[in-house]
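>>> return a 3D structure for these sequence lines:
(one chain, ligands or ions: 1)
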Amino acid sequence: MLKNKIVFLTGGSMGIGLCCARAYAANGAKLAVMAIEPETPEIIATELGANSIGITGDVADAAAVKAAIQTAIQTFGRIDIIHNNAGIAHPSAPLHLTTEQEFDRLMQVNIKGIYHTTVHGIEYLKKTKGCIINTSSLVGEIGQELHAAYTATKGAVNAMTKSMALDYAKFGIRVNAVAPAGVWTSMLKEWSNEQPNSETIETYLDHIHVLGYCPEGDVIADACVFLASDKAAFITGCILPVSGGAELGYRRGIDQDAFIKQIEKR
Ligand SMILES: NC(=O)c1ccc[n+]([C@@H]2O[C@H](COP(=O)([O-])OP(=O)(O)OC[C@H]3O[C@@H](n4cnc5c(N)ncnc54)[C@H](O)[C@@H]3O)[C@@H](O)[C@H]2O)c1
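Next up is the predicted model:
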């Protein structure tokens, strides 16, 4: 679905981003992956082979993003897809107990990172009539207890996605977002450990997803491949929940089978 496409992906060294990187490559794309870990080049070489490159850098740093995009252009000559996936979620806290430093860092990475890739990448996307995918979160729309600053960043990502879709449509550039609920990654494990009832979190996470389980990143990657591909040619400004129905607001737990047997007896 992405044969010969060039993807610039942030936060692709692990978790959801690494699943996306693998799926993009499996669908024929070549990637430039920017992530914060010093070993990002080795991770990408091991995972994706010689066709793709890994670049260590901080998306909050304008100069680092500019340099990473230049490296992608020097290596591949073009960029078709920018996927802004890099993100942080710490701390799990109400707003008044979030330090100013924590608040600022969340904004710098989760929002300003997208600003930087857009400033430095948009001219290349104009040339390819490419697309942008932002990894948002369901909590950007519905909120989340003990996570106000993080949810604010994802609310901003949703708003920016829609506004960017409007601004760049005239260049043939589509801008969409994926909104997972929970995905088992190191970010989610860290969040789980921060919760007062961390021993019951796994069950809780299974129950918020109507489909019955908290997934791995592969389900998000499948949605991203679709949004990046020409199969999504008429989709823009969309915040796509990839959340097992979590946004429906129900908690599994009712014994439906027993209930249905009761009705069948009537
Ligand atoms: N895991 C979940 O349950 C979940 C749910 C909804 C949304 N998300 C979003 O998905 C995205 C990926 O999350 P994950 O769970 O895979 O996290 P993760 O911690 O497993 O991976 C985070 C990735 O972002 C990169 N990164 C972090 N800070 C960076 C920085 N300053 N500069 C460059 N790269 C940086 C890391 O290098 C890593 O590749 C995030 O935007 C997150 O908010 C995650």
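
>>> near the ligand, which residues of the stretch 1-150 of the chain are found?
10-17, 34-37, 58-60, 85-89, 109, 135, 137 (C-beta under 6 Å from any ligand atom). All C-beta atoms are positioned from the backbone trio N, CA, C, and that covers glycine.

>>> in this protein, mark out all the strands, start to finish.
6-10, 30-35, 53-56, 81-84, 131-135, 174-180, 239-242 (DSSP state E).

>>> how about those in JSON lines, adding mean neighbour count and mean pLDDT?
Shown next, in JSON lines, are those (neighbours: other C-beta atoms under 10 Å; pLDDT from 0 to 100):
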{"stretch": "strand 6-10", "mean neighbour count": "28", "mean pLDDT": "99"}
{"stretch": "strand 30-35", "mean neighbour count": "28", "mean pLDDT": "98"}
{"stretch": "strand 53-56", "mean neighbour count": "21", "mean pLDDT": "98"}
{"stretch": "strand 81-84", "mean neighbour count": "27", "mean pLDDT": "99"}
{"stretch": "strand 131-135", "mean neighbour count": "27", "mean pLDDT": "99"}
{"stretch": "strand 174-180", "mean neighbour count": "26", "mean pLDDT": "99"}
{"stretch": "strand 239-242", "mean neighbour count": "20", "mean pLDDT": "98"}
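
>>> pipe the ones you listed into CSV and attach distance to residue 194 per row.
Compiled in CSV, those are given as follows (distance: least, C-beta to C-beta, whole Å):
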stretch, distance to residue 194
strand 6-10, 24
strand 30-35, 22
strand 53-56, 27
strand 81-84, 24
strand 131-135, 21
strand 174-180, 18
strand 239-242, 24
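
>>> just to revisit the earlier point, mark which of the residues of the stretch 1-150 of the chain next to the ligand are buried, thanks.
Applying 16 or more other C-beta atoms under 10 Å to those, the neighbour count classes 10-17, 34-36, 58-60, 85-89, 109, 135, 137 as buried.

>>> ok so, going back, any idea which of the strands of the chain gets closest to residue 75?
Closest to residue 75 of the strands of the chain, according to C-beta to C-beta: strand 53-56, at 5.7 Å.

>>> sheet partners, orientation included, of that closest one?
Strand 53-56 has its sheet partners listed here by DSSP bridges as strand 30-35 (parallel).

>>> what distance separates the strand it pairs with from the middle of the whole chain?
With C-alpha atoms, centre = their mean, to the nearest Å as the basis, strand 30-35 stands 14 Å off its chain's centre.

>>> cool, stretch 88-99 as well?
Worked out by C-alpha atoms, centre = their mean, stretch 88-99 lies 20 Å from the chain centre.

>>> for that stretch, what is the average pLDDT?
The pLDDT scores in stretch 88-99 average 97.

>>> just the C-alpha atoms of that stretch, please, in CSV.
Taking C-alpha atoms only, stretch 88-99 is exported to CSV below (Å, rounded to 0.1, in the frame of the first residue of the first chain):
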residue,chain,number,x,y,z
ILE,A,88,5.3,11.7,26.5
ALA,A,89,2.6,11.2,29.1
HIS,A,90,4.2,11.9,32.5
PRO,A,91,3.0,12.9,35.0
SER,A,92,-0.2,11.3,36.1
ALA,A,93,-1.4,14.1,38.3
PRO,A,94,-4.1,16.7,38.6
LEU,A,95,-3.2,20.1,37.0
HIS,A,96,-2.3,21.9,40.3
LEU,A,97,0.2,19.1,41.2
THR,A,98,1.8,19.1,37.8
THR,A,99,5.1,21.1,38.0
